[in-house]
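Student: What shape does this take:
(one chain, ligands or ions: 1)
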Amino acid sequence: MDYITLNDENRLPAFGLGTWGLRGESCADTVAKAIGLGYQLIDTARMYGNEKDVGRGIRLSKVRRERLFVTSKVCSPYTSYQAAKRIVEESLDALGLEYIDLYLIHEPYGTSPEMYEALKEAKKQGLIRSIGISNFNEAEYLDFIKGCGIIPAVNQVENHVYFLRSDLQKMMKAHGTVMQGWAPFTEGMRPVFKEKILKDIGKRHGKTAGQIALKYLLQNGVPTITKSSHVERLKENLDIFDFSLTAEEIKEIHGLDEGKSLFGWY
Ligand SMILES: NC(=O)c1ccc[n+]([C@@H]2O[C@H](COP(=O)([O-])OP(=O)(O)OC[C@H]3O[C@@H](n4cnc5c(N)ncnc54)[C@H](OP(=O)(O)O)[C@@H]3O)[C@@H](O)[C@H]2O)c1
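Tutor: Predicted coordinates for the structure are as follows:
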């Protein structure tokens, strides 16, 4: 596993398991199996309705808490200071954890600054280790950091080979925020696994197109998370730390960037 040091000195695993769409026993089972395979970062959110299941999976894995990095997020309708404060406690309770490694504001809201105040307090109390935001574009990010006090450690945004967002990444890096990507496989909206460039490069390294796509993002300096409920795929996705792409290969893949969101979020 590779790690990225955040602006508060905490270490973010470069790759992790997303849990959007996972629920109930199969969620707990997937989380436990992924941790057993070596996943350290587990990404959940209040919105996913699965924090209890994720917590159960963590306990099932029997892996020591300090070896894991757990992310959650607060979203609407909990957009006031008081509600965000309560939701952090509810997340901790649901996950069955004493602290959460990274807690994000799920998307920009008019009240993001007061929600962030609640996260800052929880950080001070040791309930959250790192705080950040998600789905903030350039303008929203710049506006937010004007008076935020603590620069967000992370902005988690849509990021894949078709939407690299290099300008956002560079600008946030200059301010001290890491861009973490979601949907590296585009949630199936683009045929990543059949992309010729990725397949051809994969043949040279004995890797699949999916592994090349993930590796590219990591070498591009963007930690990422993907979800799978299949053990073989979980294994495959994690098996990307024993090779490197060449500068020429990176240049080739860069050509896939379409420069626009597939999800219409921005
Ligand atoms: N902050 C935000 O607003 C936000 C938004 C979206 C997502 N996220 C987070 O980011 C995580 C990842 O994004 P995502 O789950 O939406 O999309 P994704 O990772 O791009 O795609 C997941 C899909 O790819 C399939 N898949 C995974 N590995 C595969 C492989 N090796 N071969 C073939 N198919 C494979 C999975 O199917 P199977 O499960 O059937 O294997 C699943 O349908 C989420 O789970 C969530 O935690 C955050």
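
Student: Taking the chain, what residue is nearest to the ligand?
Tutor: Gly18 (2.2 Å; C-beta to the nearest ligand atom). (C-beta placed from N, C-alpha, C; glycine too.)

Student: Can you tell me the closest non-neighbouring residue to that residue?
Tutor: The shortest distance from Gly18 to any non-neighbouring residue, by C-beta to C-beta, 6 or more residues apart in numbering, is to Lys227 (3.8 Å).

Student: shouldn't the one you found be in contact with Ser26?
Tutor: No: using C-beta atoms under 8 Å as the test, Lys227 is too far from Ser26 to be in contact (11.9 Å).

Student: So those two - more neighbours on which side?
Tutor: Between Lys227 and Ser26, counting by other C-beta atoms under 10 Å, Lys227 is the more crowded of the two (22 against 12).

Student: in stretch 35-44, what counts as buried?
Tutor: Ile35, Tyr39, Gln40, Leu41, Ile42, Asp43, Thr44 (16 or more other C-beta atoms under 10 Å).

Student: Over to stretch 143-150?
Tutor: Result for stretch 143-150 [16+ other C-beta under 10 Å]: buried residues Phe144, Ile145, Cys148, Ile150.

Student: Let me have those in JSON lines, adding distance to Arg65 as columns.
Tutor: Shown next, in JSON lines, are the buried residues of stretch 143-150 (distance: C-beta to C-beta, whole Å):
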{"residue": "Phe144", "distance to Arg65": "31"}
{"residue": "Ile145", "distance to Arg65": "31"}
{"residue": "Cys148", "distance to Arg65": "29"}
{"residue": "Ile150", "distance to Arg65": "24"}
